[in-house]
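Asker: Okay, predicted coordinates and the sequence, questions at the end:
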Amino acid sequence: MTEGATAESESRIAAIAARLSAAHPGAPFAFLDAGEAVYWSSFQPAPHAPFSPVTRLIQGVYERHPASARSLLRHRIYTNAPLTPMCHGMIKVAAKRSAVVSSALSLPTSEIPAARELLELSAHLTSHGALPVSELARLAGLSAGPPRGHQELMDLAFRLCAPEIRSVFGHERGRPIAALLVSAEGQLLEAALNTDYGNRTLHAEVNLLQTYFLRTGLPLPLGARLYTTLKPCRMCAGMIWHCAEDIQSLKVFFGEDDPGPHGRNTALTVGTAARATAAHGDAEFRAPVEFLLPPSSSRLY
Ligand SMILES: [Zn+2]
């Protein structure tokens, strides 16, 4: 149990967990206790899926209660599912920064206390901010014929940030940030824009990863490359790490560094505490994954 929690709140949290566990046996869940109601979500684990009970709860709060999302997400999030770097990253970036997650709650098997409304709030599994790949080459004025070089792909990502392109897809609001997913053979697989002006979780990379998974059901393929105009933040880095079939074969090129707090200590950066937590074994701990690759011209965007 978390440090500083009172005995009363501990027993309340344990009671909520017991009720969820009894009502939905075998379903990993996450919840927050907002006093008048408890909001909860679940997700059955799937390898390399960009979803978990924690991500579905946070995204569900933004989806269903956009006006009160920030105050609801000040409440501590509890889960009985393993916490991955993806979960930690989304809590850091999109929920209350000081939120502490307590996993593996001990569930009393007898006398489950009743009362208190439990509202399911799992985010819908839908795509946000995705761009139709077939349209992009034409809109961005890209000449025909793969494969593309690194610089050309990075420049394409920056061109997608131009207001005239973002407005075509209704994403002119918010910070202009774009992400591309390219196969080992140089084929453009997915593209997405940042749409975090309402839902703070919807960064370009999250939109890209969730759209790609919902469309294909697949992990990021071996040898895949990501091109992002801004260095992936902690949340996006954790999700990229989680979704990669083999993180050592993935390369992430970013056009600009992110000096803000969320751009530091990410799983993709060698030598960070986040990398130490995410890595399984020495080879993953040391694997270079991300590379700075500025656009060829500032007139692209
Ligand atoms: Zn991000």
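Answerer: Cool, got the structure.
Asker: tell me the SS of Thr229?
Answerer: strand (DSSP: H, G, I helix; E, B strand; the rest coil).
Asker: That one reaches Ala162, doesn't it?
Answerer: No - at 11.2 Å, Thr229 does not count as touching Ala162 under the criterion of C-beta atoms under 8 Å. To be clear about C-beta, it is placed using only N, CA and C from the backbone, and glycine gets the same treatment.
Asker: Which one's more surrounded, these two?
Answerer: Each of Thr229 and Ala162 has its neighbours counted (other C-beta atoms under 10 Å); Thr229 has more, 27 against 17.
Asker: tell me which element the closest residue to the ion within the stretch 1-150 of the chain is part of?
Answerer: Closest approach between the stretch 1-150 of the chain and the ion, counting by C-beta to the ion: Val93, at 6.5 Å. For Val93, the host element (DSSP states H and E) is helix 85-94.
Asker: And Tyr39, by the same measure?
Answerer: Using DSSP H and E, Tyr39 falls in strand 38-42.
Asker: Walking through the stretch 101-250 of the chain, point out its helices one by one.
Answerer: For the stretch 101-250 of the chain, the helices defined by DSSP state H, counting those that start in this stretch cover 133-139, 150-159, 163-168, 204-216, 234-243.
Asker: Mind putting these into TSV with mean pLDDT, distance to the ion and mean neighbour count?
Answerer: TSV is the format used below for the helices of the stretch 101-250 of the chain (pLDDT from 0 to 100; distance: least, C-beta to the ion, whole Å; neighbours: other C-beta atoms under 10 Å):
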stretch	mean pLDDT	distance to the ion	mean neighbour count
helix 133-139	69	21	14
helix 150-159	92	14	20
helix 163-168	87	17	14
helix 204-216	95	6	24
helix 234-243	98	3	29
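Asker: hmm, back to that, what does the helix or strand just after the strand holding Tyr39 rub up against?
Answerer: The first helix or strand that comes after strand 38-42 along the chain, using DSSP H and E, is helix 53-64. Here helix 53-64 makes contact (C-beta atoms under 8 Å, 6 or more residues apart in numbering) with 28-32, 39-43, 69, 72-73, 77, 79-81, 83, 86-87, 90-91, 94-95, 101, 121-124, 198-201.
Asker: and those residues, which are buried?
Answerer: With burial judged by 16 or more other C-beta atoms under 10 Å, the buried subset of the contacts of helix 53-64 is 28-32, 39-43, 69, 72-73, 77, 79-81, 83, 86-87, 90-91, 94-95, 101, 121-123, 199-201.
Asker: Spell out which helix or strand contains Ala18, please.
Answerer: helix 7-23.
Asker: That helix: how far from the chain's middle?
Answerer: Centroid separation between helix 7-23 and its chain, computed with C-alpha atoms, centre = their mean, to the nearest Å, is 27 Å.
Asker: got the angle for the helix or strand that that helix is followed by vs strand 38-42?
Answerer: Later in the chain than helix 7-23, the nearest helix or strand by DSSP H and E is strand 29-33. With axes from the mean of the first three to the mean of the last three C-alpha atoms, to 10 degrees applied, the angle from strand 29-33 to strand 38-42 works out at 170 degrees.
Asker: Let me know the angle separating strand 29-33 from helix 53-64.
Answerer: Using the same axes, to 10 degrees: strand 29-33 against helix 53-64 is 50 degrees.
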